[in-house]
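Undergrad: Provided below are the primary sequence and the corresponding predicted coordinates.
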Amino acid sequence: MKRRNLLRMIGMTAGSAAMYQAMSSLGLASESPYKGPNPLGEAPKGASVLVLGSGIAGMVAAYELRNAGYKVQVLEYNARAGGRNWSLRGGDNYTELGGFTQRCQFDPGLYFNPGPWRLPYHHRGILSYCKKLGVPLEAFNQVNHNAYLHSEKAFGGKPQRFRTIKADYQGHVSELLAKVIQTRKLDEQVSREDQEKLLDSLRQWGALDRNYAYVKGETSSLRRGFAKDPGGGLTGRPVQSEPIALKDVLDSELWMGIPPGEDYERQTTLFQPVGGMGRIGEAFGRDLGPLIRYNAKVVDIRQDDHGVTATFEDTSKSDSPRQTATADWCVCTIPLSVLGQIPMNVGSQMADAIAALPYASSVKVGLQFKRRFWEEDDEIYGGISYTDLPIRNISYPSCDYQSSGKGVLLGAYMWGLDAMEFTSMSPEQRVSKAVEYGSQIHPQYPGEFDNGIAIAWHRSPFALGCFGTWSEEDREKHYDNLCRFDGRIVLAGEHASYVPAWQEGSVTSALDAIGRLQLRAQAAGSQT
Amino acid sequence: MKNMIKHAVCAALLGGLGLVSPPAPADNAKTLQTSDGEQVYQHVCQGCHMSEGQGAVGAGYYPAFAGNPNMASAQYMALTILTGRRNMPSFFEYDSSGDLFWFTRVALSDEQVANVVNYIRSHFGNAYEDRLTAADVKAMHP
């Protein structure tokens, strides 16, 4: 078992990528640098800022700069605010690069988040804007002990409950360590007194019996679940369950599904906005109102000693003449996948940094089913099932539990070669394959499937990729140059952060950038 | 073999629904199992450069291969695939066993790179006759 395969299976989210990258770069996992509201103070009289892009970074910048008194205008390529913060609902149309148009056919109230979908409790920046903008939150269920771990190669392809794999892995490991202690093999490392404490803790942690064995019994069944649950009356007698043997647990490799929810970025409590992640972008968009110019495709960015001018095309009108927007300063949040193709007169250091960052491939598929069979049949309420199939994740909605009617789940969230291959398919093929694969975990799929929608991030007309994948070397060489001001232009976004692919990276990078902008503007203002 | 069978089934299914369907990419392969240039193109490259090599334009663009003067140089194309260019990732096959994170680069072998370059340069309106070999690609390793 190669380490990379292990990590590939356990980290199925942008989040873990972000954290591992951050950890490898910083040497440790650090909290978000957000330390609470950071009012800029007053803008110099008459100062203006042009913000390019109305994703989270651009709108945080615009919101704070406007509040400080800057004259702000925002140019946005899409006809909506939010960027990758986005939810698809019934009636929405989406045309990807290549011209494939999908119309979302979900029932009212149901949605799917093609981009970010969860908010860790320690991402205080994005959480604070949810509060300021009145976006209600609810708990996002990451770890569900009754969700599945699945491998085509294990247990004849039969999915296993998370709780049984976790309990059995933990139980067997505890029993082994207890044996090592009892056979006096730790005497040199651990004092006798501590050995007693360790034994006691292992019995509790591993659900061992009084002989420090992990065996079938009430103790282990209370951890891994019963073959027949306890109940009342004459039919209530429980039937204990049989643990899976250590060798079978190890061979299955399903233990790789245990760590994801233990990582800092996915620890309890996680949140989601009620009604879809896109509620944040929508709320920002409402708040900024006419400051945002939609359907504006930036084609050129020029700066001189006096200001910055962006030239743009109105994509809602054919043959409309090019227009310009000018301001003293520019906060540019356009993804580097796009910005690298826009002529802009910045120095070679920033230009080289912009050109250095490849963008990850990722595909997500939202599937609507005629009923919430995962709840009704399988007792799975929210949370995520993990599989080694290309779909990798099935995530059940963390809302509207026990509601009747249809339900939408995340039927695939894929990376790497799987994502590239799915990107190469038509949207209909992606949905069809997601249903086909998912049927191996939930046999109800074919009968209950209603409709679906599939988003391949490399085919997104506005992002041309999912997020910037910094290597340690590239970050060393280019990151600071990417974030430094070049004349009157500063960049912000998840690409300009140590929290790539997370909205918190966008928020903290925007706040960092506008803090420096304010100092520059004040210095420039005092000279005139 | 199993993958091929699944392809056929899938293609038949989609064909029956009247959907326009380019060949469905392989299932489950973590490294692309084919070295055929056309297959490599249809499983990986066409995600961005599209099925007819026509590229695409949105806020940014993916270059088209038809009528693109860069296609004159097989070396330029191979180097682009090996090292990446701007937002396009590198497809260089490297030892990733020490990687800390799970989304390792997608790797193509020298043979796959050579074959897909040759495929692009002889399709989509291109008719270059010189051919790249796996050994040529190997000599260009970054």
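TA: It's in.

Undergrad: tell me the domain boundaries of the chain?
TA: Here I'm looking at chain A. A:41-77+A:282-358+A:468-527, A:88-146+A:268-276+A:360-459, A:161-252 (automatic domain parsing).

Undergrad: look at chain B instead
TA: When chain B is cut into domains by automatic domain parsing, you get B:1-30, B:35-139.

Undergrad: as a whole number, average confidence for the shortest one?
TA: Same thing as domain B:1-30. The pLDDT scores in domain B:1-30 average 36.

Undergrad: And stretch A:501-521, by the same measure?
TA: The average pLDDT for stretch A:501-521 rounds to 97.

Undergrad: what do you get for stretch A:464-477?
TA: For stretch A:464-477, the mean confidence score works out to 94.

Undergrad: out of the domains of chain A, nearest to residue B:134?
TA: Shortest distance between residue B:134 and these, using Cβ to Cβ, is found for domain A:88-146+A:268-276+A:360-459: 19.9 Å. Yep, even glycine has a C-beta here, placed from its N, CA and C like the rest.

Undergrad: Endpoint to endpoint, the closest one covers what distance?
TA: Terminal residues of domain A:88-146+A:268-276+A:360-459 lie 16 Å apart, using Cα to Cα, to the nearest Å.

Undergrad: so what's whichever residue of chain B sits closest to chain A up against?
TA: Across chain B, no residue is closer to chain A than residue B:58, which sits at 2.8 Å (Cβ to the nearest Cβ). Going by Cβ atoms under 8 Å, 6 or more residues apart in numbering or on different chains, residue B:58 touches A:77, A:97, A:460-462, A:464.

Undergrad: Residue A:500 versus that one, what's the distance?
TA: Computed as Cβ to Cβ, to the nearest Å, the residue B:58 to residue A:500 distance reads 22 Å.

Undergrad: Likewise for residue A:266?
TA: Taking Cβ to Cβ, one finds residue A:266 at 16 Å from residue A:500.

Undergrad: And these two? Which one has more around it.
TA: Legend: neighbour count by other Cβ atoms under 10 Å in any protein chain shown for residue A:266 and residue A:500, higher for residue A:500 (26 against 21).

Undergrad: distance of the closest residue to residue A:302 other than its chain neighbours from residue A:290?
TA: In space, residue A:302 comes closest to residue A:309 once its chain neighbours are excluded; the distance is 5.0 Å by Cβ to Cβ, 6 or more residues apart in numbering or on different chains. Residue A:309 sits 20 Å away from residue A:290, taking Cβ to Cβ as the criterion.

Undergrad: Please identify which of these two sits among more neighbours.
TA: More crowded of residue A:309 and residue A:290, by other Cβ under 10 Å: residue A:309, with 16 against 7.

Undergrad: Can you classify that one as helix, strand or coil?
TA: The three-state label given to residue A:309 by DSSP: H, G, I helix; E, B strand; the rest coil is strand.

Undergrad: Can you spell out which residues form a bridge with it?
TA: With DSSP bridges as the criterion, residue A:309 is bridged to residue A:302, residue A:326.

Undergrad: Just to check, it is in contact with residue A:322?
TA: No. Residue A:309 sits out of contact with residue A:322 when judged by Cβ atoms under 8 Å, with a separation of 11.3 Å.

Undergrad: Can you tell me which of the domains of chain A is nearest to residue B:119?
TA: The closest of the domains of chain A to residue B:119 is domain A:88-146+A:268-276+A:360-459. By Cβ to Cβ, the value is 14.4 Å.

Undergrad: State the mean pLDDT of that closest one.
TA: For domain A:88-146+A:268-276+A:360-459, the mean pLDDT works out to 97.

Undergrad: Measure how far it is from the centre of its chain, please.
TA: Relative to its chain's centre, domain A:88-146+A:268-276+A:360-459 lies at 12 Å (Cα atoms, centre = their mean, to the nearest Å).

Undergrad: related to what we said a few turns ago, go through the domains of chain B and find the least confident stretch.
TA: Looking at the domains of chain B, the lowest mean pLDDT belongs to domain B:1-30 (a mean of 36).

Undergrad: which residues sit in contact with the residue nearest in space to the middle of chain A?
TA: Taking Cα atoms, centre = their mean, the centroid of chain A lies closest to residue A:116, which sits 4.3 Å from it. By Cβ under 8 Å, 6+ apart, residue A:116 lies in contact with A:14, A:84-85, A:277, A:501-503.

Undergrad: Spell out the residue ranges of the strands in chain B.
TA: For chain B, applying DSSP state E gives strands covering B:56-57, B:61-62.

Undergrad: In the stretch 351-500 of chain A, which residue sits closest to chain B?
TA: Closest residue of the stretch 351-500 of chain A to chain B, Cβ to the nearest Cβ: residue A:461 (2.8 Å).

Undergrad: Report whether the expected contact of residue A:477 with residue A:356 is present.
TA: Yes. Judged on Cβ under 8 Å, residue A:477 makes contact with residue A:356 at a distance of 7.3 Å.

Undergrad: more neighbours, these two?
TA: Per other Cβ under 10 Å, whichever of residue A:477 and residue A:356 has more neighbours is residue A:356, with 22 against 13.

Undergrad: Distance-wise, check the residue nearest to that one when sequence neighbours are not counted relative to residue B:91.
TA: Spatial nearest neighbour of residue A:356, chain neighbours left out: residue A:478 (4.8 Å); criterion: Cβ to Cβ, 6+ apart. Distance of residue A:478 to residue B:91, given as Cβ to Cβ: 21 Å.
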